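# Quick one: sequence and predicted model below, then my questions.
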Amino acid sequence: MTRLPDQVDAPMTPRQLATLRTLSAEAYQPKQFEQDLTAREAERRIAALKAEIELANSF
């Protein structure tokens, strides 16, 4: 997702917050969930958690 320069450090969206909360619980990584992340950091963590869950489910 491409963001405008003034949106780079914007806080994460409510959807990102909900997704990150769910994925961090599913991956047993509660420390990955923080409520004060930027949208960019939330996107990074969501992608990493999705990859981790996908890898775990492949076994």
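On my side now, so go ahead. Nothing here was measured: the structure is a model prediction, and the numbers come from that model.
# residue contacts, the residue most central in space within the chain?
Centroid-nearest residue in the chain: I46, 2.7 Å away (criterion: C-alpha atoms, centre = their mean). Taking C-beta atoms under 8 Å, 6 or more residues apart in numbering as the criterion, I46 is in contact with 16, 19-20, 23. Where you see a C-beta, it was placed from the backbone N, CA and C, and this is true even at glycine.
# Mind telling me the two of those residues farthest from one another?
Spatial extent of these (C-beta to C-beta) is set by the pair Q16 and L23 at 10.3 Å.
# sorry, back to before: among the contacts of I46, which one has the most neighbours?
For these, the largest neighbour count, defined by other C-beta atoms under 10 Å, is 22 neighbours, found at L20.
# and that residue, backbone torsions?
Taking degrees, to the nearest 10, you get phi -60, psi -40 for the backbone angles of L20.
# quick one: it from A47, how far?
Separation of L20 from A47 (C-beta to C-beta, to the nearest Å): 11 Å.
# quick one on the thing from earlier: now do the SS call for the residue nearest to the centre of the chain.
The three-state label given to I46 by DSSP: H, G, I helix; E, B strand; the rest coil is helix.
# Read off the pLDDT value for it.
We have a pLDDT of 98 for I46.
# From E54, how far out is it?
Taken as C-beta to C-beta, the span from I46 to E54 is 12 Å.
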